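Enquirer: let's see this in three dimensions:
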Amino acid sequence: MFERFTEKARRVIFFARYEASQYGSSVIDTEHLLLGLVREDKEFVWRFLDCGAAAVRTEVEKSITRGARIATSVEMPLSEDAKRILNLAMDESDRLGHRHVGTEHILVGMLLVEESMAARVLAAQGVNPRVVREELARPVGYEVKPRPSAAAQQVLDGFLAALRDLTGSEISQYFSPNAQVIDSKGHLWQGRTGQLAEAVFAPYSKRDVQYVVESCERGVSDSLVSNVLWRNITVPGQSGRLIHRMTILMGQNQPGDWAIFFLQVTPVVIS
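Expert: Below you'll find the model as predicted:
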């Protein structure tokens, strides 16, 4: 059955077998396949999920009862729904004209078995079967950048909106307690403080100031790096209107809890 499966896809099944044994299940079920998938393919997590692997495990554990661990040497069959997922993965590969069956095809199989726990967890995390299928149908070599998590995007959007309103308490809530901020003059600010609003971010609340998010991409260790370009900036003691680039590094204090860990403002040019 698994001749066409890639090495990564086979490891998903291997890890699913391990997950089932750790939770004391007598069969490899859909939730174990999902846990195996997020364990094996970190790229999958960033491309399609609005959370991290730890959040997926938390959601799964809300719906299962942990039993006594089973030795990995014990034979363990696939559940009927798990078999359906793997068969649908092969069907999806055939539909797309692919020779291999990879983790991405297994993902589609999970989404198509809508009544399964795996499908319910994925749906709760905002995974859309149509979006996944559209990406899989793109030509070979098409570069797909991981989309930002919806939770991370919400924090970024909220922070930028708070800057425009210059509300100190609202601005500080977007920062991690030990955040570092380097302002446009190169001064370092340590920690989450309301002073940042007036001392650092006041120039960005003016009526004619405009900004555009240039990029928002994955960094190392599940971080998110965004670059925001600000125009028509005026700074006391400096003449002319400036352009600043704000680099924002975001991470998770805990699964799903995004915050700004580092922010640096770099003057670009005087217009």
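
Enquirer: what segments of the stretch 51-200 of the chain are strands?
Expert: In the stretch 51-200 of the chain, the segments counted as strands under DSSP state E, counting those that start in this stretch are 175-182, 188-190.

Enquirer: how about residues contacting the shortest one?
Expert: Residues from elsewhere that reach strand 188-190, judged by Cβ atoms under 8 Å, 6 or more residues apart in numbering: N178, A179, Q180, V181, I182, D183, Q195, L196, A199, V200. Heads up, the C-betas are built off the backbone N, CA and C, glycines and all.

Enquirer: now do the buried residues in that strand.
Expert: Burial within strand 188-190, assessed by neighbour count using 16 or more other Cβ atoms under 10 Å, is assigned to W189.

Enquirer: cool, and the longest one?
Expert: By neighbour count, and taking 16+ other Cβ under 10 Å as the criterion, the buried residues in strand 175-182 are F175, S176, A179, Q180, V181, I182.

Enquirer: circling back: and the contacts of strand 188-190, which two are furthest apart?
Expert: Based on Cβ to Cβ, the longest span within those runs between N178 and A199 and measures 18.3 Å.

Enquirer: so where's the stretch 151-271 of the chain shaky on pLDDT?
Expert: For the stretch 151-271 of the chain, the stretches flagged by pLDDT under 70 are 167-169, 192-198, 219-222, 269-271.

Enquirer: at 80 instead, please
Expert: Along the stretch 151-271 of the chain, segments meeting pLDDT under 80 span 151, 164-170, 191-199, 216-222, 235-240, 254-256, 269-271.

Enquirer: and the helices in it?
Expert: Under the criterion DSSP state H, counting those that start in this stretch, the stretch 151-271 of the chain carries helices at the ranges 168-172, 195-199.

Enquirer: ok, back up a step: adding distance to A124, write the strands of the stretch 51-200 of the chain out as TSV.
Expert: TSV is the format used below for the strands of the stretch 51-200 of the chain (distance: least, Cβ to Cβ, whole Å):
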stretch	distance to A124
strand 175-182	26
strand 188-190	37
